[in-house]
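Visitor: Kindly generate the corresponding structure for this input.
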Amino acid sequence: MNVERERRYALLLAAKDSEYVKKMYGGYFNVFVAAFGEEGEKWDLFMVVDGEFPEMTELQRYDGFVVSGSPYDAYGNDHWITELCSLLQKLDCMEKKILGICFGHQVLCKALGGKVGKACTGWDIGLRKVKIVKDLSAFNFLDGGDEIPASLSIIECHQDEVWEVPMGAQVLGFSDKTAVEMFTIGGHVLGIQGHPEYTNDILSNLIDRLLNNNSIERDIAVDARFGLQKAEPNRLCWEKICRNFLKG
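Guide: You can find the predicted model right below:
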């Protein structure tokens, strides 16, 4: 009798837990597993922001890796960012599934030969419509019969962006603010600039913190909150894309 092996995934967390997320969700790890995980899987947490990485001898045991967002710049030279880039290059060579979110999307791009930097249009915070430019069914990101709308709303919170994708990458989505909202390489790499895992309340708390430490102007915060009141992100659709990518 064939017993199916337990699927195993690793979250490479590039940010510390905020007090709000700890209190409401028990930490970002729980937020990601709730969004992308399924029953019967094992998820491990590695605080890469604190220099905690999986052992090279353990990489083969994982079915996929998720790289989170971060307050740090993907183009920075912090030791842990350099180490993360080396790990991502190794995983790419192994053709392991890698999903990069926000900072993860940018650092994945940088590690694999693309270019990232400050967005010339400044902060992008709030709800943003991403225009889908490729047939996603060709990438096995969808269950049979599902259709993706021509545009999908997603929560954004970033001031950096991908300037140039790595060689061989395909851009899957863009917005009126950001030229590369989503890209893929070879079916095993997927980068998403927005936050499929974020809920409106997580972003609202983040806006408060950015405002309180003078990282953003008040009018940016007001506009972002107004956008969230008017519409909802297509969270279920984004989560399905991410889950199908990781498990396809």
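Visitor: Find me the pLDDT at Glu4, would you?
Guide: Per-residue pLDDT puts Glu4 at 66.
Visitor: do Glu147 as well
Guide: At Glu147, the pLDDT recorded in the model is 71.
Visitor: Number the residues from 728 up from this point.
Guide: All set: I'll call the first residue 728, so the last point we hit is now Glu874.
Visitor: Tell me which helix or strand in this protein has the weakest average pLDDT.
Guide: Counting by mean pLDDT, DSSP states H and E, the chain has its least confident helix or strand at helix 945-957, which shows a mean of 90.
Visitor: can you give me the strands in this protein?
Guide: Remark: strands assigned in the chain by DSSP state E are 735-739, 769-773, 791-794, 824-828, 842-845, 851-859, 878-885, 887-891, 897-901, 909-912, 916-919.
Visitor: Turn those into CSV, including mean pLDDT.
Guide: As requested, the strands of the chain are exported to CSV (pLDDT from 0 to 100):
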stretch, mean pLDDT
strand 735-739, 98
strand 769-773, 98
strand 791-794, 98
strand 824-828, 98
strand 842-845, 97
strand 851-859, 95
strand 878-885, 95
strand 887-891, 97
strand 897-901, 95
strand 909-912, 96
strand 916-919, 97
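Visitor: Let me know the distance separating Thr926 from Asn971.
Guide: 21 Å (CB to CB, to the nearest Å). Using the backbone N, CA and C atoms, a C-beta is placed for each residue, glycine as well.
Visitor: ok, back up a step: nearest approach to Gly954 belongs to which of the strands of the chain?
Guide: Closest approach to Gly954 among the strands of the chain (CB to CB): strand 851-859, 4.2 Å.
Visitor: what lines up beside that closest one in the sheet?
Guide: Under the criterion DSSP bridges, strand 851-859 sits next to strand 878-885 (antiparallel), strand 897-901 (antiparallel) in its sheet.
Visitor: ranking those strands by burial, who's on top?
Guide: strand 878-885 (a mean of 22; mean count of other CB atoms under 10 Å).
Visitor: what's the angle from that strand to helix 945-957?
Guide: Interaxial angle, strand 878-885 versus helix 945-957 (axes from the mean of the first three to the mean of the last three CA atoms, to 10 degrees): 150 degrees.
Visitor: Please put the alpha-carbon coordinates of strand 878-885 into PDB.
Guide: Coordinates of each C-alpha in strand 878-885 appear next as PDB, following Å, rounded to 0.1, in the frame of the first residue of the first chain:
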ATOM      1  CA  SER A 878      -7.300  42.200 -12.900                       C
ATOM      2  CA  LEU A 879      -7.100  41.200  -9.200                       C
ATOM      3  CA  SER A 880      -6.900  43.600  -6.200                       C
ATOM      4  CA  ILE A 881      -4.200  43.000  -3.700                       C
ATOM      5  CA  ILE A 882      -2.900  44.700  -0.500                       C
ATOM      6  CA  GLU A 883       0.400  46.500  -1.100                       C
ATOM      7  CA  CYS A 884       2.900  48.000   1.300                       C
ATOM      8  CA  HIS A 885       6.300  48.800  -0.200                       C
END
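Visitor: From the chain's centroid, how far away is that strand?
Guide: 11 Å (CA atoms, centre = their mean, to the nearest Å).
Visitor: Now do the helices in this protein.
Guide: Assigned by DSSP state H, the chain shows helices spanning 746-752, 755-763, 806-820, 830-838, 927-939, 945-957, 962-974.
Visitor: which residues touch the most centrally placed residue in the chain?
Guide: For the chain, the residue sitting closest to the mean C-alpha position, by CA atoms, centre = their mean, is Ile828 at 1.0 Å. Neighbour list for Ile828: Val793, Val794, Ser795, Gly796, Ile919, Gly921, His922, Pro923, Glu924 [criterion: CB atoms under 8 Å, 6 or more residues apart in numbering].
Visitor: All set now, cheers.
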